[in-house]
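1. Sharing a model that was predicted from the sequence below.
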Amino acid sequence: MRLTCGRAMVCLLASILLAAQRLAEPTSLQAVPDVVDGDSLVFNIRLRGIDAPEYDQQCKTAAGECYPCGEKSMRSLQALLRGSTNETGAGEGHVSCLFHEMDRYGRAIMSCDLLGGRSLAEGMVRQGQAILAPKYIQSPTRLKRYRAAQAEAKQHRRGLWQGSFDTPAQWRSGQRLCPASEGRQLNPDAIAP
């Protein structure tokens, strides 16, 4: 299969993913990604085991005001990546990802860890910026950690848990707690983490 790519990194990633899909074995990838939304990185990588608000999604604060929780979630993932440095300050934004499978939308489902081994997905759940998707987590140990992270986020009313929200799946199916026209007036940075 011949690939036409504009950037060398895109071609490299596409080649790795195609080979991984054929081998049906986990494949490791190391790159400096850009954030698309709260649970997706460029090159169509989706973080395994979580579901985060879509970029346009609106949620409600504890006071009942609509705010752009999808944008807030995306910014949280960007902040996690910016904080990914080693003790010398090198490696900002570096993640190590393990390929698992392709989803029905053609995205690579990957587990991605920051330098030092911290899971990006678990970090998003712990911040309350994504919810657990247990049916996509095969490891009992990882599932236990994600459940504990989500319980902690709920208890401390972090992120989505500080107000009310449609699950991302509900929102994608057309259920809307906040109409699309509401919420854009609130700055996502003004909302408590």
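-> Received the coordinates, thanks.

2. Am I right that Glu71 sits in a helix?
-> Yes - under DSSP: H, G, I helix; E, B strand; the rest coil, Glu71 sits within a helix.

3. So it sits against Gln58, correct?
-> No - judged on Cβ atoms under 8 Å, Glu71 makes no contact with Gln58 at a distance of 9.6 Å. Bear in mind the C-beta positions are built from the backbone N, C-alpha and C, glycine included.

4. residues contacting Asp103?
-> 46, 109 (Cβ atoms under 8 Å, 6 or more residues apart in numbering).

5. can you pull out the helices in the chain?
-> Using DSSP state H, the helices of the chain run over residues 8-23, 69-82, 120-126, 140-155, 168-172.

6. Grab the nearest non-local neighbour of Gln78.
-> Ranked by Cβ to Cβ, 6 or more residues apart in numbering and with sequence neighbours excluded, the top spatial neighbour of Gln78 is Val35, at 4.6 Å.

7. check contacts around that neighbour.
-> Contacts for Val35 were tallied using Cβ under 8 Å, 6+ apart; they are 41-42, 74, 77-78, 81.

8. List only those of those flagged as buried.
-> Those of those that meet the buried threshold are 41, 74, 77, 81, by 16 or more other Cβ atoms under 10 Å.

9. Going by distance to Trp171, which of those wins?
-> Among those, Met74 lies closest to Trp171 (Cβ to Cβ), at 14.5 Å.

10. That closest one and Tyr55 touch, don't they?
-> Yes - checked against Cβ under 8 Å, the pair Met74 and Tyr55 is within contact range at 6.0 Å.

11. between the two, what contacts are shared?
-> Taking Cβ under 8 Å, 6+ apart as the contact rule, Met74 and Tyr55 both touch 36-38.

12. Restricted to strands, list those.
-> Using DSSP state E, the subset of these located in strands is 36-37.

13. I'd like the shared contacts of Met74 and Tyr55 laid out as CSV, including pLDDT and distance to Ser119.
-> Below are the shared contacts of Met74 and Tyr55 laid out as CSV (pLDDT from 0 to 100; distance: Cβ to Cβ, whole Å):
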residue, pLDDT, distance to Ser119
Val36, 72, 18
Asp37, 79, 18
Gly38, 83, 15
